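Trainee: give me a model of this one.
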Amino acid sequence: MAPTDQQLANAIRALAMDAVEAANSGHPGMPMGMADAATVLFTQYLKFDPADPHWADRDRFVLSAGHGSMLIYALLHLTGYARPTIDDIKAFRQLGSPCAGHPENFELPGVECTTGPLGQGLAMAVGMAIAERHLSAVFGDALVDHRTWVIAGDGCLMEGINHEAIGIAGHLKLGRLNVLWDDNKITIDGAVSLSSSEDIPARYAATGWHVVECDGHDFAAVAEALAEATADPRPSLIRCRTIIGKGAPTKQGTAKTHGSPLGTAEVAGAREALGWTAAPFEVPQDIREAWLRAGKRSVDARAAWADRLAAHPARGEFERRMAGQLPAPQGEAEAFMAKLIADAPTVATRKASEMALEAITPLIPELIGGSADLTGSNNTKTAATGPLTAENYGGRYLYYGIREFGMAAAMNGMALHGGVIPYGGTFLVFADYARAAIRLSALQHARVIYVMTHDSIGLGEDGPTHQPIEHLQSLRMIPGLDVYRPCDAVETAECWTLALGRADGPGLLALSRQNLPTLRGEGGMLSARGAYRLRAAQAPRAVVLIATGSEVSLAVETAQALEARGIGADVVSMPSWRHFEAQDAAYKDELLPADVLKVSIEAGTTFGWERWTGADGMRFGIDSFGASAPAEALYRHFGLTADSIAPQIAARLGR
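Mentor: Numbers count the residues shown, from 1 in each chain. Now for the predicted structure:
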């Protein structure tokens, strides 16, 4: 007799209990509560093939409630993925095991994105659904025709990002997106009623979603709800009423199963209640084979898709995009750079970014831009990027609305889906709204580009709420994030080239509102080294001025004032700390020699600049909030002028 759905689901429960118990750490309740619904999804609806986990037209599955990570680890193991092995699961939450406490996309094929920070998984799934619809519009259903499935908990639906994400999804009518809500009415603190009384289905319906409810432990009811969801043209919320920790005799339905092991006695009781007699970490052969058969459900579909791909006239272009390879250069970039150097425009770097994008977007059709309601300020839209809408998924520009966090998370999902390279804009100060998603961009090695304008007090009259002070340094602290602050149009184009050329992580361009002169009279991708000598001292070198962005021109003026006093001053432009950190010691020592005074100039906090100036160097910046006034008045007020800085340097040198 073939194993029942209940027995298949109990295999998930047993592995979850065993792994959490062995680690003495974890969240057994959610995997146990959602095991039944997940069994229906993976055995009847999800399109996937463990033998080819990177199949481009697979359904994407996102465990947004990442604390219940043993759910996905059990599913991957049972359906036949090469990993996690049973030994990997035995080492759950231990150093070296790919079964981390929360799912990491770089650890295991089948884990589409890193989840755990609640709400972000669902929001990334929105981006995946956008990418699927866009690529389908470009290449047709023959190559791109899949769904995005999410399992989310109460916490995912409470987080503020959920409001942003579902608003985008409903507006874009992303009918291939289906969210299974684990409605178990429990959070870590206890009953959901302690903190929430909102009507979640009504909220989803109000944003344009289809909502269906089912008993999450009734296999037929779950299947019927999923069928209804797939048939509806709107994104769907499937409310699965469940019991957290189902099977635990005394703890099920309580917060005691949420974030800690069940304990030896409770596990024994659960095994008895579930009729599970196998030893820990063992799955009976018939159940194991049934799960492996489920993992092979889509083998024929994948083979048919491979045949269609082989015969498709756009095969090469599709494969190039999905591999993340940029189009072969045809000389346009070199011509653009040469003209830029020849014209030497005086423009804000946000305008220089727009100029670069006007040249780039026709050449890289997978670029999808957008802005959080600041298109005219961020300068992120080009002639080649028409709107991506519910009526035209083939467009290449997203109007995200005032949803910085939602935008950033959606871009992560788009990048992780593959086939598109997303970039999106807002003001630098609003990186605070998006920071958690920017951090996940870096953690997940996602190819996302952030365009953040109005990067200093140079934005002027909008005042301190809009003037970033600590933001550059806080972003530079994120491991793996390339933060670029170009000083002119030439550096801006170079920074765009560097950000686009990096396939294994995010870049962020911090761009000025105010006009800046072109300082570079040569090409050569000097920004690739992170810092370079822009101007060499004329008199014997006594000081090196290090600056970024709009303050590089100020450093040049300061150097001229010092040279007039007979003080030799190098000017070093440092558009990227991270790229400079990667240079060898010889280059760093040559650029920033030990025997001269080193001075930093940046219109932001001075915190951290001692890394390059040394403790005995000088640091000019702003260690307070800004003020509301025209930019020139603010620079004078905060002492960021050559007339203010040069005398202080001279005094330090005893000149």
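
Trainee: mind listing what residue 446 touches?
Mentor: Neighbour list for residue 446: 411, 412, 415, 416, 440, 505, 506 [criterion: C-beta atoms under 8 Å, 6 or more residues apart in numbering]. For every residue, glycine as well, the C-beta is placed using N, CA and C.

Trainee: doesn't residue 126 make contact with the fourth one?
Mentor: No - with contact defined as C-beta atoms under 8 Å, residue 416 does not reach residue 126; the gap is 12.0 Å.

Trainee: sorry, back to before: and the contacts of residue 446, which two are furthest apart?
Mentor: Farthest pair in those (C-beta to C-beta) is 411 and 505. Separation: 13.2 Å.

Trainee: where do the helices of the stretch 1-150 of the chain begin and end?
Mentor: Using DSSP state H, counting those that start in this stretch, the helices of the stretch 1-150 of the chain run over 5-23, 29-40, 69-79, 86-90, 120-139.

Trainee: could you tell me whether residue 522 really is in a helix?
Mentor: No - with DSSP: H, G, I helix; E, B strand; the rest coil as the criterion, residue 522 is coil rather than part of a helix.

Trainee: pretty sure it is in contact with residue 341, am I right?
Mentor: Yes - contact criterion C-beta under 8 Å: residue 522 and residue 341 qualify, at 6.9 Å.

Trainee: and those two? Which one has more around it.
Mentor: Between residue 522 and residue 341, counting by other C-beta atoms under 10 Å, residue 341 is the more crowded of the two (16 against 7).

Trainee: element containing that one?
Mentor: For residue 341, the host element (DSSP states H and E) is helix 332-343.

Trainee: average pLDDT for the helix or strand just after that helix?
Mentor: Remark: after helix 332-343, the chain's next helix or strand is helix 349-360, criterion DSSP H and E. Mean pLDDT, helix 349-360: 98.

Trainee: and stretch 73-91, by the same measure?
Mentor: 98.

Trainee: end-to-end on it?
Mentor: 12 Å (C-alpha to C-alpha, to the nearest Å).

Trainee: need the residues that contact that stretch.
Mentor: The contact list for stretch 73-91 (C-beta under 8 Å, 6+ apart) reads 8, 11-12, 15-16, 18-19, 22, 31, 38, 42, 48, 50-51, 53, 70, 92, 97-99, 103, 108-111, 281, 283, 288, 291-292, 294-296.

Trainee: got the buried residues for that stretch?
Mentor: 73-81, 83-84, 88-91 (16 or more other C-beta atoms under 10 Å).

Trainee: OK, contacts around residue 58?
Mentor: Counting by C-beta under 8 Å, 6+ apart, residue 58 has contacts 47, 48, 49, 52, 146, 298, 302.

Trainee: got a PyMOL select line for the buried ones in those residues?
Mentor: Burial among the contacts of residue 58 is assessed by 16+ other C-beta under 10 Å; the matching PyMOL selection reads:
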select buried, resi 47+48+49+146+298+302
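
Trainee: quick check: the farthest pair among the contacts of residue 58?
Mentor: 52 and 146, at 13.4 Å, using C-beta to C-beta across the contacts of residue 58.

Trainee: from the buried residues of stretch 73-91, pick the one nearest residue 168.
Mentor: residue 75 (27.6 Å).

Trainee: any chance you could map the strands in the stretch 351-500 of the chain?
Mentor: 367-371, 397-399, 421-427, 449-453, 482-484 (DSSP state E, counting those that start in this stretch).

Trainee: what's the closest non-adjacent residue to residue 494?
Mentor: residue 527 (3.9 Å; C-beta to C-beta, 6 or more residues apart in numbering).

Trainee: what does residue 465 give?
Mentor: Residue 465's closest residue in space is residue 429 (C-beta to C-beta, 6+ apart), at 7.5 Å.

Trainee: what residues sit buried inside stretch 199-206?
Mentor: Result for stretch 199-206 [16+ other C-beta under 10 Å]: buried residues 200, 201, 203, 204.

Trainee: ok so, going back, anything in contact with each of residue 411 and residue 505?
Mentor: 441, 446.

Trainee: between the two, which is the more surrounded one?
Mentor: Each of residue 411 and residue 505 has its neighbours counted (other C-beta under 10 Å); residue 411 has more, 34 against 20.

Trainee: who's in contact with the more buried one?
Mentor: 127, 370, 422, 423, 424, 437, 441, 446, 448.

Trainee: can you count the residues close to the first one?
Mentor: Neighbours of residue 127 under the rule other C-beta under 10 Å: 33.

Trainee: residue contacts, it?
Mentor: When contacts are taken as C-beta under 8 Å, 6+ apart, residue 127 is in contact with 409, 410, 411, 412, 413, 414, 415, 416, 417, 422.

Trainee: which one of those residues is nearest residue 399?
Mentor: residue 410 (12.3 Å).

Trainee: how about that closest one: what's its closest non-neighbour residue?
Mentor: residue 127 (3.6 Å).

Trainee: any idea how far that neighbour is from residue 645?
Mentor: Residue 127 is 44 Å from residue 645, where distance means C-beta to C-beta, to the nearest Å.

Trainee: and if you look at residue 404?
Mentor: 34 Å.

Trainee: look at these two and report which has more neighbours.
Mentor: residue 404 (28 against 23).

Trainee: show me the contacts for the more buried one.
Mentor: Here residue 404 is in contact with 372, 426, 430, 433, 434 (C-beta under 8 Å, 6+ apart).

Trainee: what number of residues are in the vicinity of the third one?
Mentor: Translated: residue 430. The burial count for residue 430: 20, using other C-beta under 10 Å.
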